[in-house]
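dropping the sequence and predicted coords here.
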Amino acid sequence: MTDAETLSRGPRAYTAFIGIGLIAGLLSGLFGVGGGTVIVPLLVLFLHFNQRLGAGTSLAAIVPTATVGVISYAINDSVAWIPALILAAGSVVGAQIGTRMLPKISQTVLRWFFVGFLVVVIVSLFLVVPSRDAEFELQLLNGLALVVVGVATGILAGLIGVGGGVIVVPILMLAFGTSDLVAKGTSLLMMIPTAISGTVGNLRNRNVDLLAAAIVGVSACTTTALGAWLATLIDPTVGNMLFAAYLVVIAVQMAMKAIKGRKKKD
C-alpha cells in the first residue's frame, strides 16, 4: 500500500477531503469552475496523492459539483444551453485524448504543465473586462470556434483534472463577448459531460480514488450554490483579482514541488 493510499483512509484525510470539497464548491459557484484548481494541488500537496491520481480524482469530484452549480445559475437564467452543448461535444473528445496522454507523461513534466496552465489563466483574468450586459450571439464561425475551444479544454481536463472552467470562462467573456454570469453558468454545464468522459478514461487507467472523489464532490455540493449567489453580488473585477491571487500561490507551490522532483531524479 502506498503512502497516499494509507493517508487517504485515515481520519485526518477524511477531514481534509471535506475541507477541500467545501473550498472547491465555493470557488466553483463563485467563478464558474469545476474546482480542480483547488482539488488537484491540495490533494498533491497535503495528502501526498501523485499528480495522476489527484487529477483523476478531481475530475470525478467535479461531476456533482458542476451539476449543482448549473442548477444555481439556470435559476437566474444565466446558462447559454446551445453553446454549452457545442463546447461539451468538443470537450468530450478532448478529454479522451487527455486521459490517454496522462499515463505517458512524467510527474515532473505534468507538474510544470499544470504551472504553465495556471499562468495562462492568471494572465487571462487580467485581460478580461467582465460585463453583466453582454450577450452571446451564436453564428457559424464562433460555433466552430467553440468546438475548438471545447477540444482543447477537454485535453486539459484529462491531463490535469480540471473541468476547464478557468479556461472557458475567460474565453467566453474575452473572445465571445459573453456576460460573466452567463459565461460561468455555461462553463459549468459544459464541464459535466467533459468530467464524465475523462473519468471513464481515468477509471480504465486506475487514476481515480473513488472514495476521495465522492467525499470531496458531496462536500463541494453544499457550498456551490452559496458561491453562485455570491457571484451575483461581488464586483466581477474584484472577483477576478482575488482568484488570480489565489492561483499565484498555487502555481508557486506546484513549481517548488516540480523543482524538488527534478532534483531527486538528478
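Alright, I've got the coordinates. A quick note: this is a predicted structure, and the numbers were derived from the prediction, not measured.

any idea which helix or strand comes after the lowest-mean-pLDDT helix or strand in the chain?
Every helix and strand in the chain was compared by mean pLDDT, DSSP states H and E; the lowest is helix 3-7, with a mean of 46. Sequence order places helix 11-31 as the next helix or strand after helix 3-7, per DSSP states H and E.

who are the packing partners of that following helix?
On a contact count with 3 or more CB pairs under 8 Å, 6 or more residues apart in numbering; DSSP states H and E, helix 11-31 meets helix 36-47, helix 51-75, helix 165-174, helix 210-233, helix 236-265. Every C-beta, even on glycine, is put in place using the N, C-alpha and C of the backbone.

which stretches of the stretch 151-266 of the chain have low pLDDT?
Low-confidence segments of the stretch 151-266 of the chain (pLDDT under 70): 161-163, 261-266.

export the helices and strands packed on helix 11-31 to TSV and tack on mean neighbour count and distance to L138?
Shown next, in TSV, are the helices and strands packed on helix 11-31 (neighbours: other CB atoms under 10 Å; distance: least, CB to CB, whole Å):
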stretch	mean neighbour count	distance to L138
helix 36-47	25	27
helix 51-75	27	18
helix 165-174	26	12
helix 210-233	20	23
helix 236-265	15	23
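
now distance to M190 too, for these, in TSV please.
Below are the helices and strands packed on helix 11-31 laid out as TSV (distance: least, CB to CB, whole Å):
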stretch	distance to M190
helix 36-47	14
helix 51-75	9
helix 165-174	6
helix 210-233	16
helix 236-265	19
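
any idea which of these gets closest to S91?
Each of these was scored for nearness to S91 using CB to CB, and the closest is helix 165-174 (8.6 Å).

centre of the chain to the closest one, how far?
Its chain's C-alpha centre and that of helix 165-174 lie 12 Å apart, by CA atoms, centre = their mean, to the nearest Å.

touching, I86 and V147? I think so.
Yes: using CB atoms under 8 Å, I86 is in contact with V147, at 6.1 Å.

which one of the two has more residues nearby?
Taking neighbours as other CB atoms under 10 Å, I86 and V147 compare with I86 leading, 21 against 16.
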